[in-house]
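Below are the sequence and a predicted model; questions follow.
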Amino acid sequence: MSKADLSKQPSVVAAMFDDVAPRYDRANAILSVGNSALWRVATVKAVDPQPGERILDIAAGTGTSSVAFSKTGVTVVGVDFSEGMVAEGRRRHPQLEFVVGDAEQLPFGDDEFDAVTISFGLRNVQNPQKALAEMYRVTKPGGRIVITEFSKPPVGLLRRGYHAYLKHVMPHIAKVASSNADAYEYLFESIADWPDQATLCTWMRAAGFTRVAYRNLTAGVVAMHRGRKPLDAAIRASVAKRRRARSASPASAAAE
């Protein structure tokens, strides 16, 4: 059985998810004490999918989140770098489109999607800032992004209790609920190592997203971050490109 570590080598993380794919959703429901379904409902509401839109669901796993979006009349594309997860998703939801792909190198063109979302997957990416830049690239100008991820409960007592649950209680439950209990040791490590809500907001703004904000779910155990790609994103990119070209030109260098 595969177990990833905080180096987050893509092939190792993907192999770990291949191992847990068959019982992944069942394990999540048990380990989250049923909250995973509530987090999914909140994410769908935040994305606010409209009929006719095209939605990209990154780290789609077995398609549980993707199928929730599809019920609203949108076209959903689920992408995941775990072939085992994608195979399980295709088996369960043959009506959906699944693609094997890396969040750091999304196999899509620029400005393709009205909304891009990722739930509990960004912290598993080796370079999350690069993944955010890719999400920005494939989002249409005026489009939206929603990131739902484990986070830092702001109340110290709750934060310590939550970490105690992850470290001491969850491994015992995982032995019964999961097909790869060792993988859930990485889950605790990745959650403990993940930055707080404000840091993720900073990363999103650095990628180019505007109107960035977050909402804590389950007292901050999970945080849902939202943002927009500016309508004038193409103009901003063109201006930035011209500035870089001018600064790199021989005339500019001579002037300096």
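Happy to help now that I have it. Numbers count the residues shown, from 1 in each chain.

mind listing the strands in the stretch 151-256 of the chain by residue range?
Per DSSP state E, counting those that start in this stretch, the stretch 151-256 of the chain carries strands over the ranges 210-217, 222-228.

Give me the mean pLDDT for the longest one.
What that stands for is strand 210-217. In this model, strand 210-217 has a mean pLDDT of 98.

Who are the packing partners of it?
Counting contacts by 3 or more Cβ pairs under 8 Å, 6 or more residues apart in numbering; DSSP states H and E, strand 210-217 is packed against helix 35-47, helix 197-207, strand 222-228. No exception for glycine: its C-beta is placed from N, CA and C like everyone else's.

same check, this time on the last one
If contacts are counted by 3+ Cβ pairs under 8 Å, 6+ apart, strand 222-228 sits against helix 35-47, strand 139-150, helix 197-207, strand 210-217.

Quick one: these as CSV, columns for mean neighbour count and distance to Val116 too.
Output for the helices and strands packed on strand 222-228, formatted as CSV (neighbours: other Cβ atoms under 10 Å; distance: least, Cβ to Cβ, whole Å):
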stretch, mean neighbour count, distance to Val116
helix 35-47, 17, 9
strand 139-150, 22, 5
helix 197-207, 17, 11
strand 210-217, 15, 14
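
Could you export those as CSV, including distance to Ile118?
Below are the helices and strands packed on strand 222-228 laid out as CSV (distance: least, Cβ to Cβ, whole Å):
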stretch, distance to Ile118
helix 35-47, 10
strand 139-150, 6
helix 197-207, 11
strand 210-217, 14
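
what's the closest of the ones you listed to Tyr184?
strand 139-150 (12.7 Å; Cβ to Cβ).

okay, the angle between that closest one and strand 210-217?
30 degrees (axes from the mean of the first three to the mean of the last three Cα atoms, to 10 degrees).

the inter-axis angle of strand 139-150 versus strand 222-228?
170 degrees.

Against which helices or strands is strand 139-150 packed?
helix 35-47, strand 113-119, helix 197-207, strand 222-228.

among those, which is nearest Ala237?
Between Ala237 and these, the shortest separation by Cβ to Cβ is 12.4 Å, and it involves helix 197-207.

send the alpha carbons of the closest one over as PDB?
Extracted in PDB, the C-alpha atoms of helix 197-207 (Å, rounded to 0.1, in the frame of the first residue of the first chain):
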ATOM      1  CA  GLN A 197      -7.100  31.000   5.700                       C
ATOM      2  CA  ALA A 198      -5.300  34.300   5.200                       C
ATOM      3  CA  THR A 199      -2.300  32.800   3.500                       C
ATOM      4  CA  LEU A 200      -4.500  31.000   0.900                       C
ATOM      5  CA  CYS A 201      -6.200  34.300   0.200                       C
ATOM      6  CA  THR A 202      -2.800  35.900  -0.400                       C
ATOM      7  CA  TRP A 203      -1.900  33.100  -2.800                       C
ATOM      8  CA  MET A 204      -5.200  33.500  -4.700                       C
ATOM      9  CA  ARG A 205      -4.600  37.300  -5.100                       C
ATOM     10  CA  ALA A 206      -1.100  36.700  -6.300                       C
ATOM     11  CA  ALA A 207      -2.400  34.300  -9.000                       C
END
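
which intervals of the stretch 151-256 of the chain have sub-threshold pLDDT?
Within the stretch 151-256 of the chain, the segments meeting pLDDT under 70 span 177-181, 238, 240, 249-256.

which parts of the lengthiest helix in the chain are buried?
When the chain is parsed with DSSP state H, its longest helix is helix 233-248. Buried residues in helix 233-248, counted by 16 or more other Cβ atoms under 10 Å: Ala233.
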